[in-house]
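> Predicted model and sequence below, questions to follow.
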Amino acid sequence: MLPLYDVNRSRRPALVVKALVLLNALAFLLGLINALDNPARQSFVPELVGRAQVANAVALNSMVFNAARILGPGIGGLGVATVGFAGCFLANAVSFLATIGALWLIDPKALFVAAGGGRRKATGGVGPALKYAWRTPAILTVIILLAFVGTFGYNFTVVLPLVARYVVRVDAAGFGLMTGAMGVGSVLAALWLAYQRRPTLRRLLAGAAAFSALLLAVALSRAFLLSLGLLVVLGFASVFFTANAQTILQLASPDEFRGRIMSFYTLLFLGTTPVGSSFVGAVAERWGVQTALAVAAGLCWVGVAAGFAYARRHAAA
């Protein structure tokens, strides 16, 4: 009979495999739920506030989300120290009861629902929505930009820990400051956008170009304080671009297509993350972290150039 130490050691690989299978299954289910939840939640915004207030509502949502990004790591770290990882996951799950309760309290009579039976028209699957997006320059410009910036640019958070460790060479506290710097810039952008008028394609393209340029600057920086400053502005440009993109899609989509068009946004902004993360990770492993970020920034610039060329051609038509 094997000693207890050897028995436990022999079982460890099997336990790891089971844990990985379970985690991947749960992640797969979470992805399916998010694929349904995100487009529905985003397309619901005009019914909550009316089309005239969509830009302000999107900016407010961005502000709350990014404020949570600043406060969340600190609260999470305190939670892990006191109740452990399982307790943190449980607390996070329980917190959704507040969201469910808020949805339950919504008065359907107070919603800004379009007259004429929009739900009856929303038949035919994805095809009609794709045709409408293809024929609408404002929507297609956003889709072109998201296809590049969403796939390759917004995965920089995956590489940010590597930037902290191998480029600017800081510890966990320094990494926390870096993520906090991005959060500060994001909140400032959301506050600024809440007071702006309806977004335009020019502002959208400017936001995408600024994000791409700042991502390249972060890739080239090796000084911690300089990187912190760049990350604040990068966070600002990030929210400026995404909030404008989401608002343009909301306002340019008719009620019967809005849910499906917002699903395109979710696909390009979140669904392409595994592709972009794998690509950037592979480049970082072979040629280094700074090269990976620089390549990602270059691919974002390809999208900006394509979006600008398409928007300019249709503006002149």
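Nice, thanks for sending it over.

> Could you pull up the contacting residues of residue 146?
245, 265, 268, 269 (C-beta atoms under 8 Å, 6 or more residues apart in numbering). To be clear about C-beta, it is placed using only N, CA and C from the backbone, and glycine gets the same treatment.

> go with 6 Å
Shown in contact with residue 146 (C-beta atoms under 6 Å, 6 or more residues apart in numbering): 268, 269.

> In three-state terms, label it for me.
Following DSSP: H, G, I helix; E, B strand; the rest coil, we place residue 146 in the helix state.

> Quick check: the gap between it and residue 276.
Residue 146 sits 12 Å away from residue 276, going by C-beta to C-beta, to the nearest Å.

> Give the buried residues for stretch 256-272.
256-269, 271-272 (16 or more other C-beta atoms under 10 Å).

> Can you get me the start-to-end distance on that stretch?
Its first and final residues considered, stretch 256-272 spans 25 Å by C-alpha to C-alpha, to the nearest Å.

> what's the spacing between that stretch and its chain's center?
Relative to its chain's centre, stretch 256-272 lies at 12 Å (C-alpha atoms, centre = their mean, to the nearest Å).

> next one: stretch 180-188
Chain-centre distance of stretch 180-188: 14 Å, with C-alpha atoms, centre = their mean.

> same thing with stretch 93-107?
Its chain's average C-alpha position is 23 Å from that of stretch 93-107, according to C-alpha atoms, centre = their mean.

> outside of that stretch, which residues touch it?
Outside stretch 93-107, no residue touches it (C-beta under 6 Å, 6+ apart).

> State the mean pLDDT of that stretch.
Mean pLDDT, stretch 93-107: 89.

> just stretch 111-123 next, same as before
In this model, stretch 111-123 has a mean pLDDT of 58.

> quick one: the helices in the stretch 101-250 of the chain?
Assigned by DSSP state H, counting those that start in this stretch, the helices in the stretch 101-250 of the chain fall at 118-121, 126-135, 137-145, 156-162, 172-193, 201-220, 224-252.

> quick one: buried residues of the fifth one?
Using 16+ other C-beta under 10 Å as the test for burial, helix 172-193 gives 175, 177-190, 193.

> Just give me how far that helix sits from the chain centre.
Centroid displacement of helix 172-193 relative to its chain, using C-alpha atoms, centre = their mean, is 15 Å.

> Same check on the last one?
Chain-centre distance of helix 224-252: 11 Å, with C-alpha atoms, centre = their mean.

> May I see the buried residues of that helix?
For helix 224-252, a neighbour-count test (16+ other C-beta under 10 Å) marks 227-228, 230-252 as buried.

> and residue 92, which of the helices of the stretch 101-250 of the chain is closest to it?
For residue 92, the closest of the helices of the stretch 101-250 of the chain is helix 172-193, at 18.2 Å, according to C-beta to C-beta.

> how big is the angle separating the closest one from helix 201-220?
Put simply, helix 172-193 runs at 170 degrees to helix 201-220, going by axes from the mean of the first three to the mean of the last three C-alpha atoms, to 10 degrees.

> residues making contact with helix 172-193?
Outside helix 172-193, the residues that touch it by C-beta under 6 Å, 6+ apart are 59, 62-63, 66-67, 69-70, 164, 228, 231-233, 235-236, 239-240, 243.

> Residue 72 - how many residues pack around it?
Neighbour count of residue 72, defined by other C-beta atoms under 10 Å: 14.

> for residue 85, same thing?
10.

> Secondary structure element holding it?
Taking DSSP states H and E as the criterion, residue 85 maps to helix 54-104.

> how far does that helix sit from the chain's center?
What separates the centre of helix 54-104 from the centre of its chain is 16 Å, taken as C-alpha atoms, centre = their mean.

> now swap in stretch 253-262 and tell me
Remark: stretch 253-262 is offset 19 Å from the chain centroid, using C-alpha atoms, centre = their mean.

> That'll do, ta.
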